[in-house]
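Asker: Need a 3D model of the sequence below.
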Amino acid sequence: MTGFDAFAAPGAAGLADLERVDFTAGGVCVSSPALAESDILRIASVLASAGEAIRGRPAADIASVLGRVGARFTDDRDPIRRRALELLPDTSGLSGPMAREVLAGMARDWTEPALLALLRADLGDPAVLDRFTSVAGRRVMAVGPRLCVQIVAGSVPGVGVSALLRSLLVKAPTLIKPGRGDVVLPVLFAEALRAEDPALADTLGVVYWPGGSETLERAAVSAAEVVVAYGSDRTVAALRDLCPATTRLVGYHHRLSVGAVGRLALTESAIERTADEVARSVAVFDQRGCVSPHVILVDASGDIGPELFARRLGAAFERLEASLPSGRLEIEEAAALHQLRGTAELLAATGAGELVHGGASGTWTVLFEQRGGALEPAVGRVVRVRSFRHVSEVVALLEPVGAHLQTLGVAGFGDMLEALAAACGRIGVTRVAGFESVPYPPARWYHDGRPPIGELVRWVEVEGGESPRIESDPMTRPIR
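Answerer: Sure, this is the predicted structure:
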């Protein structure tokens, strides 16, 4: 069995001798030290101290270094990418082809152009992280946290690297606890960063521990200026309760994404492309991502109605299995999927339920639901198809889950798109995108409706008087 150490942190001397915490993921044994509260506090202190050494480095230079490391994950010739693709199928549960697809899609946003675009989108001029700069007639500077702690959910590989890049971009030393299904990429990134720039690598610690370890989480958040939490509503709420009053928490809690197909995409000439794009948006990440649509709302006035669309969508899933096969389900997930399909098929057979379409191998399921009911996500490639006749019906269907809405995938609305987007935006949707773009938001997107870099920094402003002049090493000058 292959082994993988889910740990990469400066100041780790002696920790290698600690008892190990192991879990098996496919054919990989993932291991990390059994850390105590004092170990977390020591690592946090080392990271914060190292951060002082990079405060004077230009933000654009840091973005360049991080981008060079990120670009390695896009190069098929690079050993770091090959190592990632070797480990990802077992540790994430994705099939080999899906792991390659996901890594390619995520790593596009880890390159220098994407990172600079993110800084500019949120801050205007990246130099605002280096010195006081004129922005809209104000003299301001953006300051990253002394230490950023990131607690990341474990279902989608790549989320951890995207998270740590955001905080390193604002010169914030970062301690990240990746999720169980995302341990590989943050560790490999940390190792590649050390080879590229040891000083910057000293500001990054990747430490895995089992979720819900309150003692370790309390220690981590107590040392942070900013905590970023990804996970369920319960996880985010629990971390908020652990944070000191002066610690900012940026929470990315449970989200639900959906799709809507308008009549212009329901013609005989358009339907195959529409179905293929919808199926792919659902299938990427095996529907574990916050951007993965779980319900597709279909305009009943189209040439191809919702019931026939469900059949066409099933055919698209079957075609997709040849190029992007489904991955492995955990025992509990497989049991839940078996129960869902069995119940739906029984109700359909008795005429009391809806139509069910599923792959012979059980890898995908399309449920055509004529009746209402809660919009609930399901495990695996399971999608529900429902009908609507007017934008107001779409809003009525989505409003009960508005607090958890995120992405709305769309096709076929023409000049009605903005009206639909505005109506859905008012009840909670924060991103509207064509189905082909749904799986991979750009690095500069408003994550859950907020600028991700802007959420991490605090602003310093000098009002009136003489414009401040910042010299190369102001800390060496006495204050008069």
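
Asker: C-alpha only now, for contacts and for neighbours.
Answerer: Will do.

Asker: Would you list the phi and psi of Phe23?
Answerer: Dihedral pair for Phe23: phi -140, psi 150, per degrees, to the nearest 10.

Asker: Can you give me the neighbour number for it?
Answerer: Phe23: 14 surrounding residues under other CA atoms under 10 Å.

Asker: Could you do the one 5 residues further on as well?
Answerer: Val28 sits with 17 neighbouring residues when counted by other CA under 10 Å.

Asker: That one - nearest residue in space that isn't next to it in sequence?
Answerer: Closest residue to Val28 apart from its sequence neighbours, by CA to CA, 6 or more residues apart in numbering: Thr2 at 4.7 Å.

Asker: Quick check: the gap between the most centrally placed residue in the chain and Val228.
Answerer: Nearest to the geometric centre of the chain sits Val159, at 4.2 Å (CA atoms, centre = their mean). Separation of Val159 from Val228 (CA to CA, to the nearest Å) stands at 12 Å.

Asker: same question, Ala238
Answerer: Relative to Val228, and taking CA to CA, Ala238 is found at 13 Å.

Asker: Compare neighbour counts for the two and give me the winner.
Answerer: Per other CA under 10 Å, whichever of Ala238 and Val228 has more neighbours is Val228, with 25 against 15.

Asker: Could you list the paired strands of the helix or strand of the chain with the lowest mean pLDDT along with their orientation?
Answerer: Lowest by mean pLDDT, DSSP states H and E among the helices and strands of the chain is strand 355-358, with a mean of 74. Paired strands of strand 355-358, with direction, are strand 364-368 (antiparallel) (DSSP bridges).

Asker: contacts for the strand it pairs with?
Answerer: With contacts defined as CA atoms under 8 Å, 6 or more residues apart in numbering, strand 364-368 is touched by 306-307, 310, 313-314, 317-318, 341, 344, 354-359, 380-386.

Asker: ok, now with 6 Å
Answerer: For strand 364-368, contacts defined as CA atoms under 6 Å, 6 or more residues apart in numbering pick out Glu354, Leu355, Val356, His357, Gly358, Arg381, Val382, Val383, Arg384, Val385.

Asker: By neighbour count, which of those residues wins?
Answerer: Val383 (28 neighbours).

Asker: next SSE after the helix or strand in which that one is found?
Answerer: Using DSSP states H and E, Val383 maps to strand 381-388. Helices and strands here follow DSSP H and E; after strand 381-388, the next one along the chain is helix 391-398.

Asker: list the buried ones in that next one?
Answerer: Val391, Val394, Val395, Leu397, Leu398 (16 or more other CA atoms under 10 Å).

Asker: Reformat those residues into a markdown table and put pLDDT and distance to Trp209 next to each item.
Answerer: Shown next, in a markdown table, are the buried residues of helix 391-398 (pLDDT from 0 to 100; distance: CA to CA, whole Å):
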| residue | pLDDT | distance to Trp209 |
| --- | --- | --- |
| Val391 | 90 | 45 |
| Val394 | 94 | 41 |
| Val395 | 95 | 41 |
| Leu397 | 92 | 39 |
| Leu398 | 95 | 36 |
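
Asker: quick revisit: relative to Val284, which of the contacts of strand 364-368 is nearest.
Answerer: Arg381 (9.1 Å; CA to CA).

Asker: Listing request: residues of the stretch 1-150 of the chain with sub-threshold pLDDT.
Answerer: 11-14, 16 (pLDDT under 70).

Asker: what about the helices in it?
Answerer: 37-52, 59-72, 79-92, 96-107, 112-123 (DSSP state H, counting those that start in this stretch).

Asker: what does the fourth one rub up against?
Answerer: For helix 96-107, the external contacting residues (CA under 6 Å, 6+ apart) are Pro89, Leu324.

Asker: Quote the end-to-end distance of stretch 193-211.
Answerer: Note: stretch 193-211 ends 26 Å apart using CA to CA.

Asker: next one: stretch 23-42
Answerer: End residues of stretch 23-42 are separated by 25 Å (CA to CA).

Asker: what about the helices in the stretch 151-300 of the chain?
Answerer: Under DSSP H, counting those that start in this stretch, the stretch 151-300 of the chain gives helices at 159-169, 184-196, 198-201, 214-222, 233-242, 271-283.
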